[in-house]
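Colleague: Fold the following and give me the result.
(2 chains)
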Amino acid sequence: MHPDVADAIPRLVAAGILPPERAPLLLRVARRELVSVHWELRALLYAGVLLLTGGVGLLVKENLDRIGPVAIAVGLGLAAAAALAWVVRAAPPFTWGEAPSPNLAFDYMLLLAVLLFAAELAYVEVQFTPLDADWGWHLLIVAAVAALAAFRFDSRVVFSLALSTFAAWRGVAVARLGAVVWGREDLVRWNAIGCGVLFAGLGLVLVRTGRKAHFEPVAVHLGWLLILGGMASGLGRDSWMGWTCALLVTGTALAAGAFQFRRFPLFAFGVLAGYAALSQLVLEIDHAELVGCFWFFASASLLLLLLIVAQRRMKEPL
Amino acid sequence: MKADAVEADRREAVRRAARSWRQAGAIDEATEAAIAAAYPDDRARVGPVFRVLLFVFTLVAVNGAFGFGMLLVDGFRGSGRTFAVLAFVYGLLLAVLTEWQIGSGRRCQGGTEAATSFAALGSVLGATAWIVFEGMDLRDAPALAVLFLTAALLLAGAAWRWGYPLYAGAAAAALLGALGTLPGGRILWIVLPALAAPFLARWADAARLPPAHRASWAAVLVVALTGLYVAVHLGSFDSSLIEELSDLNTLRGMPRNELLRWLSAAAMAIVPLVYLGIGIRTRRYPFLLVGLGTAVASLVTLRFYVHLAPLWVVLAASGAALILLVLALRRYLDSGADKERGGFTAEPLFEDAARRRLLEAGAAVVSLSPEARDLREEPRFTGGGGEFGGGGASSDF
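Modeller: Below is the predicted model:
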C-alpha cells in the first residue's frame, strides 16, 4: 500500500500533470488492489533451473553403475536438446541489437539447455575420456557454445556464463601448465589479468561495432574485476611492492576514466582498488598501530570530501 | 522523525513512484519532471554507488578516529574500562553527528549519515556489552537479556528517529532474543508475534505514518513472522535452539515431550500455509515473502527428517515441479480478465524498486550473472515509492 502515492494521483490529475486515463490503473496499484508477482515468478523459475541441474549433477555422480554410462549420456543429451528445441521454437529472429524476451521462461530455459549441455560434456569426458589429458579443453567448448547461444538468443545471463567459463578454462590450463614451467600462482594471476584485459577489450569492440552493445557492461565489469582481483591477489606476496604499485596506478586510472565517462560501478571499483593499494603501501612502510589508525581516519576523511565533490560533478541518478 | 523529514519522505515516495512509472513507459520525461517539480526535494541525496562508497569510507574514518583516540588515551594497555567509556562517549557524539546531518544538514540516502548512525549504535552497544559482561560481571543469560533489551531499545529509537527500517527489523530480532532468555521463551516467541501481527500489518499501511515508518513496521512484521515460524519449527524444537539462550543460566524453557514434538511438526507445516493464505487474501507482500521462504524451509526440513527419495530425485523433481508450477501459475493468471485473478497479475508491472532489486540481487548472488531480460509485453505498473525508504530510510541502506 502506498497511501502517499494514492493521495497524490488525484491531485496530479487535477493539476493537469498526470493524464487522466492513466490514473485508474495507477490508483489500483497504489491501493494494492492489483499486485504483480512477475519478479517472484522469475526468481522461482531460476531456482527451479538450479534445482533441476543440481539434481542432474547428483544423478550422474551417484547412479553411474545402476543406470549405465550410455543411458546417462543419451538422457542428458536428450534433455539438453529438448530444452534447446523449446528455446529455438520460441526465439525471435536474430538481431545485433537488443531483443525483448518472448516470454517469462525463455532466458531460464536457455540457461537450462546450456547447463545440461555442459553436464553432458563433462560426463562424456569423465566416462569416455575423448580429450584424455587435455580435458580442460571441454571448458573452452562449453564457453564457445554458451557464447554462440548468448549472441543468437540475446541472453546476457548466458553471455556471463560464457565469459566465466572461459576464465575457468584459462585457470585450469594454467594450473596444469604452471606446475611444470613457472610459479603456478603467478601464472594464474597473469592469466586472470589477461582474461580481464580480453573481456574489457571485447566490451569496447561490442560498443564500437554496435553489435550486442548491451552486452558491454557484463564484459567490462567482469574484465575489470579480474584485472583488479588478479593484482590484489599479489599484495600479500614477496613481490607485493610491484603489485601494489600496479594496483594503485590501475585503480586510479580506472577511477579517473570512469569519472570522465560517468561509469559509476567502474568508478567504485577504481576507488576501492586504489585506496586498498595506497593503504597497503602506507601500512608496509610503518607497522605502528597509531600510524595505521591515523592513516585510516585522515585518508578516509579526505577521500570522503573528494567523493562528495565527485558525486556533485557526476550526478549519479537516484 | 522531524516534521520536515516526514514531509520530505512523503514527497520522495511520490517522486519514486513517478520514476518507476517513467521507467515502465507509462509517463514521459516531461511528466516525471512536472511531478518532481510539484513534489520538490529539499534533501541532499546521492545515487546508490556513491551511497555505498560514502558509507564505507565514513565507517573507515570513524573507526580509524576511534582507534586513534583509544591509543592516545590508553596507550597500548588495552583497558576494557577505558574502551567502554570511550566507546559510550564516542557513540553519543556520533549520534549527535547523525542528528545534525539528518536535521540541519538535510542529508537523506547520502551514505554518511547512515554510517555514523550505524557506528553510533555499534559503539554504544559495544560499551554496553563490556559493562554487562565485565563491569557488572553478570551471568551469561541475564547479561544477554540486558544486552538484547538495550539493543532493542536503541535500534527501535534509531528507527523511529532517523527512519531506518533495517534498524526496526533488527530491534524486533533483539527483542525476540531478549524474550528467548526468559523461562518459556518459546511460548513468548509464538504468542507475541501472533498477537502483534494484525497490528503490525495495519501500521505497515497506516496513511498517518511516513513511508519510512510504514516500512519499519513491515520489517518488524517480517521478523515477527519469521520468529514465530522458528519457534514452531521441528528442528529448532529438537535442538532446543531458543532454550539455548536461557540454558546458559540453567533456566529451562519448555518441557519436552512427544505430544509437543508432534504439534511442532504439524505447526511447521501449517504456519507457512497460513502465511501464504493471508498473503494471497490480503495481497500483503511480507506475508507472501515469509510464507514462501518458510514453505521452502519446511520442505527442506521434511527431506532432512523423512527419506522420501534419493537427494538427486528430490532436487530434480522439485526443480521440474517448480518450473511447471510457475508456468502453470503464469498461464492461470494470464487467462483471467485483463490478465488478472484475485488482484494478482504476472505482467511486468511497475515494481517497487527495492523489492525488484532484492529479488535480482538474490538471483545474481547465486549465479554471479546479470538479471534476465525484460519481457516483450508492454509493461504496466505496481506502485512505486514509499515502501522501504525515505526520510533517511531506504532498503538500499
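Colleague: pull the longest helix from chain B.
Modeller: Counting by DSSP state H, the longest helix found in chain B is helix B:48-74.
Colleague: after that helix comes which helix or strand?
Modeller: The helix or strand immediately downstream of helix B:48-74 is helix B:80-102, counting by DSSP states H and E.
Colleague: That following helix to helix B:48-74, inter-axis angle?
Modeller: 140 degrees (axes from the mean of the first three to the mean of the last three CA atoms, to 10 degrees).
Colleague: Is chain B within reach of the helix or strand hosting residue A:254?
Modeller: Element membership for residue A:254, per DSSP H and E: helix A:240-261. No. Using CB under 8 Å from any CB of the partner chain, we find that helix A:240-261 stays clear of chain B, coming within 10.0 Å at best. The way it works is simple: take the backbone N, C-alpha and C, and place the C-beta from them, glycine included.
Colleague: which strands and helices sit next to that helix?
Modeller: Other elements packing on helix A:240-261 under the criterion 3 or more CB pairs under 8 Å, 6 or more residues apart in numbering or on different chains; DSSP states H and E are helix A:216-232, helix A:264-285, helix A:289-314.
Colleague: most packed of the ones you listed?
Modeller: The highest average neighbour count among these, using mean count of other CB atoms under 10 Å in any protein chain shown, belongs to helix A:216-232 at a mean of 22.
Colleague: Now do that helix: which elements does it pack against?
Modeller: Packing contacts for helix A:216-232, counted by 3+ CB pairs under 8 Å, 6+ apart, involve helix A:156-181, helix A:184-209, helix A:240-261, helix A:264-285.
Colleague: just checking, residue A:27 is part of a helix?
Modeller: Yes. Residue A:27 forms part of a helix when assessed by DSSP: H, G, I helix; E, B strand; the rest coil.
Colleague: rewinding a little: any chance of a markdown table for the helices and strands packed on helix A:216-232, columns mean pLDDT?
Modeller: Below are the helices and strands packed on helix A:216-232 laid out as a markdown table (pLDDT from 0 to 100):
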| stretch | mean pLDDT |
| --- | --- |
| helix A:156-181 | 78 |
| helix A:184-209 | 90 |
| helix A:240-261 | 93 |
| helix A:264-285 | 93 |
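Colleague: In CSV, list those along with distance to residue A:45.
Modeller: What follows is the helices and strands packed on helix A:216-232, written out as CSV (distance: least, CB to CB, whole Å):
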stretch, distance to residue A:45
helix A:156-181, 12
helix A:184-209, 27
helix A:240-261, 34
helix A:264-285, 26
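Colleague: Just give the nearest non-adjacent residue to residue B:68, would you?
Modeller: Closest residue to residue B:68 apart from its sequence neighbours, by CB to CB, 6 or more residues apart in numbering or on different chains: residue A:293 at 4.0 Å.
Colleague: so what's that neighbour up against?
Modeller: By CB atoms under 8 Å, 6 or more residues apart in numbering or on different chains, residue A:293 lies in contact with B:64, B:65, B:67, B:68, B:70, B:71.
Colleague: same check, this time on residue A:192
Modeller: A:167, A:170, A:171, A:226, A:227, A:229, A:230, A:233.
Colleague: Try it again at 7 Å.
Modeller: Residues in contact with residue A:192 (CB atoms under 7 Å, 6 or more residues apart in numbering or on different chains) are A:226, A:229, A:230.
Colleague: do residue B:221 as well
Modeller: Taking CB under 7 Å, 6+ apart, we find residue B:221 in contact with B:197, B:200, B:201, B:204, B:286.
Colleague: Quick check: residue A:103 touching residue A:90?
Modeller: Yes. Shown here, residue A:103 and residue A:90 form a contact pair, counting by CB atoms under 7 Å, at 6.4 Å.
Colleague: returning to that earlier point: rebuild the helices and strands packed on helix A:240-261 as TSV, extending it with distance to residue A:99.
Modeller: As requested, the helices and strands packed on helix A:240-261 are arranged in TSV below (distance: least, CB to CB, whole Å):
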stretch	distance to residue A:99
helix A:216-232	16
helix A:264-285	24
helix A:289-314	31
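Colleague: that older thread, residue B:282 is nearest to which of the helices and strands packed on helix A:216-232?
Modeller: Nearest to residue B:282, of all those, is helix A:156-181, at 33.7 Å by CB to CB.
Colleague: In contact with the one residue in the stretch 151-300 of chain B that gets nearest to chain A: list those residues for me.
Modeller: Distance from chain A to each residue of the stretch 151-300 of chain B (CB to the nearest CB) is smallest for residue B:207, at 3.6 Å. Residues near residue B:207 by CB under 7 Å, 6+ apart: residue A:3.
Colleague: Would it be right to say that it lies in a strand?
Modeller: No. Secondary structure of residue B:207 (three-state DSSP): coil, not part of a strand.
Colleague: Mind pulling up the pLDDT for it?
Modeller: At residue B:207 the predicted local confidence, pLDDT, stands at 92.
Colleague: What of residue A:32?
Modeller: For residue A:32, the model assigns a pLDDT of 89.
Colleague: same check, this time on residue B:247
Modeller: So, for residue B:247, pLDDT stands at 61.
Colleague: ditto for the one 3 residues further on
Modeller: In this prediction, residue B:250 carries a pLDDT score of 47.
Colleague: circling back: which residues are in contact with the helix holding residue A:254?
Modeller: The contact list for helix A:240-261, computed with CB under 7 Å, 6+ apart, reads A:224, A:227-228, A:231-232, A:234-235, A:266-267, A:269-271, A:273-274, A:277-278, A:280-281, A:310, A:314.
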